[in-house]
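[1] Got a sequence here, can you build the structure:
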Amino acid sequence: MTDDVKNPTQNVPIGLLAQQIGSTTTLFVFYVILYYSVSDFDAILATSYPSPVAAVYQQATLRNGATLALLILLLVTQVVSLVGYISAAIRLLYGFGRNGSLTNPKWWSKIDTKHNIPINVLYVITAANVILGFIYLASDVGFQILLGSANCLFGKIF
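    So this is what the prediction gives:
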C-alpha cells in the first residue's frame, strides 16, 4: 500500500500517527461539546429516534432544521469514508493476492480492462459488506457482538 508514497519508511508512520492524533483530538473535542450541550441524558437514552445522535443534536441545537443539517453532514462524511474504506480494502486484498499471499493469485489479481480495477477483489469486498449488513438486519444483538469483537481486536493490536 506504500507504492505511491515517497520515502515510505519515514512518511507512512508519520501519516499513521497524524491520523490517530487527529482522530483522537476531534473525538475529544466532540465529547467535550457534547457534555456541555446535553441537558437531559435520560431523554437521550429513552429517545424514539433511530439513533441517539439525533437526540443529542436536537438537545444541542433546539431546532429541527439544524438537527437535520447536522445529520445530513454526518451522512455525507460517512459516504466519503465508505469510499475510502472500500478503496483501502481493495488495495490491501489486491496486494495480498498479487504477492501470492492468498491462494490462486491469478484470480485475486485479475484486472478489469474497462474500469482498470481488480474486479474479483471488488466482488469479494462487496459480498463481505452485504453479509455484514444482513447480520445487522437479522439481529441487532449479533451485530453489536460483531462490532464489540472488532473493537476488542483493534484495541489489542494497538
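
[2] going forward, measure contacts between C-alpha atoms and count neighbours the same way
    Will do.

[3] what are the phi and psi values for residue 50?
    phi -60, psi -30 (degrees, to the nearest 10).

[4] For the worst-scoring helix or strand of the chain on mean pLDDT, what is the distance to the chain centroid?
    Scoring the helices and strands of the chain by mean pLDDT, DSSP states H and E places helix 140-157 at the bottom, with a mean of 76. Relative to its parent chain, helix 140-157 has a centroid offset of 13 Å by CA atoms, centre = their mean, to the nearest Å.

[5] From the contact counts, what lies against it?
    When contacts are defined as 3 or more CA pairs under 8 Å, 6 or more residues apart in numbering; DSSP states H and E, helix 140-157 sits against helix 119-138.

[6] What ranges does this protein have for its helices?
    Ranges of helices within the chain are 8-37, 41-45, 52-61, 64-98, 105-108, 119-138, 140-157, based on DSSP state H.

[7] ok, how many other residues are close to residue 20?
    12 (other CA atoms under 10 Å).

[8] Pop out the phi and psi values for residue 40.
    Torsion angles, degrees, to the nearest 10, at residue 40: phi -130, psi 100.
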